[in-house]
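Visitor: structure, please.
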Amino acid sequence: MYIKKFNLRKITDSNGSLIPVDLKQFSRFDIKRFFMLYGKKGDIRGNHAHKKCTQIFIALSGKVELKISNKRTKKKIILSLKKNIGIYVEPLNWCIIKFLKKNSSILVLCNYKFSEKEYIRKFENFLKY
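Guide: Residues are numbered from 1 along each chain as shown. Presented below is the predicted three-dimensional model:
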């Protein structure tokens, strides 16, 4: 399982805050698409794996639990702006996203264009893949 937690630098002044994200630290990551996920407290998203797509998850608001697993290991990571971290997840990891607070949202950056054939949507198929 290759998952990398990385720190986000927050720059604050009297006019607000800026959080720059430098993707150079991920040498093989070329953004092909991105999307934002919003959810109410308790909502579940994801619940699938990707065959080829690497993703970066960054909290935009609220608090989100990310459960990531493969055949050998499981990890649970809490994302929020207060923690100032992002998560880099390579393919062939099962991801479940749970919104822990109302008005929670995350940004997801992907290095692979959308293709339904690229998804593994049943956990038992993922374990066999």
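
Visitor: which strands or helices does the one helix or strand His48 maps to pack on?
Guide: Element membership for His48, per DSSP states H and E: strand 44-50. The elements that strand 44-50 packs onto, with contact taken as 3 or more Cβ pairs under 8 Å, 6 or more residues apart in numbering; DSSP states H and E, are strand 94-99, strand 119-120. C-beta here means a position set from N, CA and C on the backbone, and glycine is covered the same way.

Visitor: which of the ones you listed is buried the deepest?
Guide: Greatest average neighbour count among the helices and strands packed on strand 44-50 goes to strand 94-99 (a mean of 20), per mean count of other Cβ atoms under 10 Å.

Visitor: just want the most central residue of this protein.
Guide: The centroid of the chain falls nearest to Phe57 when counting by Cα atoms, centre = their mean (2.7 Å).

Visitor: that residue bridge partners, please.
Guide: Ile87, Val108 (DSSP bridges).

Visitor: so it touches Leu79, yeah?
Guide: Yes - using Cβ atoms under 8 Å, Phe57 makes contact with Leu79 at a distance of 6.3 Å.
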